[in-house]
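**Student:** Sequence plus predicted model, see below.
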Amino acid sequence: MSCPAPAGNSQVRSFKPDPEIYAAAEDITGLSGSDLLFIDDRSENAAAAAARGWKAIHHVSPAGTLAQLRQLDLPL
């Protein structure tokens, strides 16, 4: 698993949960939909990523996030 250099809010001129920032991440990575994983402690941000078809986890606790990652069968 690899990740290109991240784009910050100042580069995209958008903030979560605005769809534009998620679209920018797709453009930067060349990936879309279920090829992307998004983890955030704000439910509205995770919901916005999920609305684009991303795998999205609302982080509430380390144990809960790990359990959700295991459900997605991702390497840990």
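**Tutor:** Here it is on my side, so go on. These figures come from a predicted structure and were not determined experimentally.

**Student:** rest of the way, CA atoms for contacts and neighbours
**Tutor:** Noted.

**Student:** ranges for the strands of the chain?
**Tutor:** Remark: strands assigned in the chain by DSSP state E are 37-40, 55-58.

**Student:** most tightly surrounded among these?
**Tutor:** strand 55-58 (a mean of 21; mean count of other Cα atoms under 10 Å).

**Student:** related to what we said a few turns ago, need the strands of the chain in JSON lines (columns: mean pLDDT and distance to residue 30).
**Tutor:** Shown next, in JSON lines, are the strands of the chain (pLDDT from 0 to 100; distance: least, Cα to Cα, whole Å):
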{"stretch": "strand 37-40", "mean pLDDT": "96", "distance to residue 30": "14"}
{"stretch": "strand 55-58", "mean pLDDT": "97", "distance to residue 30": "16"}
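
**Student:** among those, which is nearest residue 17?
**Tutor:** strand 37-40 (10.7 Å; Cα to Cα).

**Student:** Need the residue closest to the centroid of the chain.
**Tutor:** residue 38 (1.9 Å; Cα atoms, centre = their mean).

**Student:** who are the neighbours in contact with that one?
**Tutor:** 46, 49, 54-57 (Cα atoms under 8 Å, 6 or more residues apart in numbering).

**Student:** Next: residue 43.
**Tutor:** residue 58.

**Student:** if you set the cut-off to 10 Å instead, what comes out?
**Tutor:** Applying Cα atoms under 10 Å, 6 or more residues apart in numbering, we find residue 43 in contact with 17, 49, 56-60.

**Student:** Kindly report the same for residue 35.
**Tutor:** So residue 35 contacts 26, 53-55 (Cα under 10 Å, 6+ apart).

**Student:** please redo it, this time with the cut-off set to 8 Å
**Tutor:** By Cα under 8 Å, 6+ apart, residue 35 lies in contact with 54-55.

**Student:** Tell me the spacing between it and residue 74.
**Tutor:** 12 Å (Cα to Cα, to the nearest Å).
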